[in-house]
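1. model the following, please.
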Amino acid sequence: MTRNIYPHFNPEVHKIESKIATVRTSFHCKYNINYHLIWIPKYRKEILIGKVIEVLKQIIHGQCQEIGIQELALEVMPNHLHLFVSGKPTIRPSDIIHKLKGNTARQLRLVFPELRYLSYQNHYGKGFDALWARGYYCGSAGHVSQEQVKRYIQEQMGKSVFEYDIYNCPPNLKGQLKIGDFS
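-> You can find the predicted model right below:
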């Protein structure tokens, strides 16, 4: 699980297991798509400290609402951040990252002019140095394993509803988790 690799990103604090289990509804579909996103400042500089964290969280919260995704968890560390979101099937993860990184960079620099240059100001002249590194991590998170999906597909000939269990399922959700019931 993520907490073993990144001890500072604690899924239990945000109750992620129960949020992963939530099936959301749109006009024409039911979906459960969750992304764990991580990105870093350019040169992995430790600039995400103090007031920058508060402003960054507000910007990300507002951008998530504007994009139409649900923010499930956000952890900001001095040299990177973790964001766990749920989005509609029509929203690509690369679009989410592109909009979040672009808008946060622009707005953070309006509030904190010292973030304009992360390397040497004389080297870049009047231009800007990028705030965020080009790369990012995106992992999809779900609650149904590949084996369970395969079994569900194979059992469709005789069974209309497929029941499954979640890893570390909260007691209040036991026995309520089903796929195939689209009523």
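2. where is the longest helix in the chain?
-> Ordering each helix of the chain by length in residues (DSSP state H) puts helix 93-111 first.
3. could you say what helices and strands that helix packs with?
-> strand 34-39, helix 51-67, strand 137-141 (3 or more Cβ pairs under 8 Å, 6 or more residues apart in numbering; DSSP states H and E). From N, CA and C alone the C-beta is placed, and that goes for glycine too.
4. check the ones you listed for me and report the most buried one.
-> Compared across these, strand 34-39 shows the largest average neighbour count, a mean of 20 (mean count of other Cβ atoms under 10 Å).
5. ok, that one: who's next to it in the sheet?
-> Strand 34-39 sits in its sheet next to strand 80-86 (antiparallel), strand 137-141 (antiparallel), going by DSSP bridges.
6. follow-up on the earlier one: redo the helices and strands packed on helix 93-111 as CSV? Include distance to Leu81 and mean pLDDT.
-> Below are the helices and strands packed on helix 93-111 laid out as CSV (distance: least, Cβ to Cβ, whole Å; pLDDT from 0 to 100):
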stretch, distance to Leu81, mean pLDDT
strand 34-39, 7, 90
helix 51-67, 7, 96
strand 137-141, 11, 87
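7. dump the ones you listed to a markdown table, plus distance to Gln107.
-> Listed next are the helices and strands packed on helix 93-111 as a markdown table, based on distance: least, Cβ to Cβ, whole Å:
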| stretch | distance to Gln107 |
| --- | --- |
| strand 34-39 | 15 |
| helix 51-67 | 5 |
| strand 137-141 | 22 |
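8. so which of the ones you listed is nearest Arg116?
-> helix 51-67 (13.3 Å; Cβ to Cβ).
9. show me the contacts for Leu48.
-> 41, 56, 76-81 (Cβ atoms under 8 Å, 6 or more residues apart in numbering).
10. care to break this protein down by domain?
-> 7-142, 144-183 (automatic domain parsing).
11. these: lowest mean pLDDT?
-> For the domains of the chain, mean pLDDT drops lowest on domain 144-183, to a mean of 58.
12. pull the CA atoms of the longest helix of the chain into CSV?
-> Extracted C-alpha coordinates of helix 93-111, given in CSV (Å, rounded to 0.1, in the frame of the first residue of the first chain):
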residue,chain,number,x,y,z
PRO,A,93,-5.6,12.3,-16.1
SER,A,94,-3.2,14.2,-18.3
ASP,A,95,-5.7,17.0,-18.6
ILE,A,96,-6.2,17.1,-14.8
ILE,A,97,-2.4,17.3,-14.3
HIS,A,98,-2.0,19.9,-17.1
LYS,A,99,-4.6,22.2,-15.7
LEU,A,100,-3.6,21.8,-12.0
LYS,A,101,0.1,22.4,-12.6
GLY,A,102,-0.5,25.3,-15.0
ASN,A,103,-3.0,27.1,-12.8
THR,A,104,-1.2,26.5,-9.5
ALA,A,105,2.1,27.8,-11.0
ARG,A,106,0.5,30.9,-12.3
GLN,A,107,-1.5,31.7,-9.2
LEU,A,108,1.3,30.9,-6.8
ARG,A,109,3.7,33.2,-8.6
LEU,A,110,1.1,36.0,-8.4
VAL,A,111,1.0,35.6,-4.6
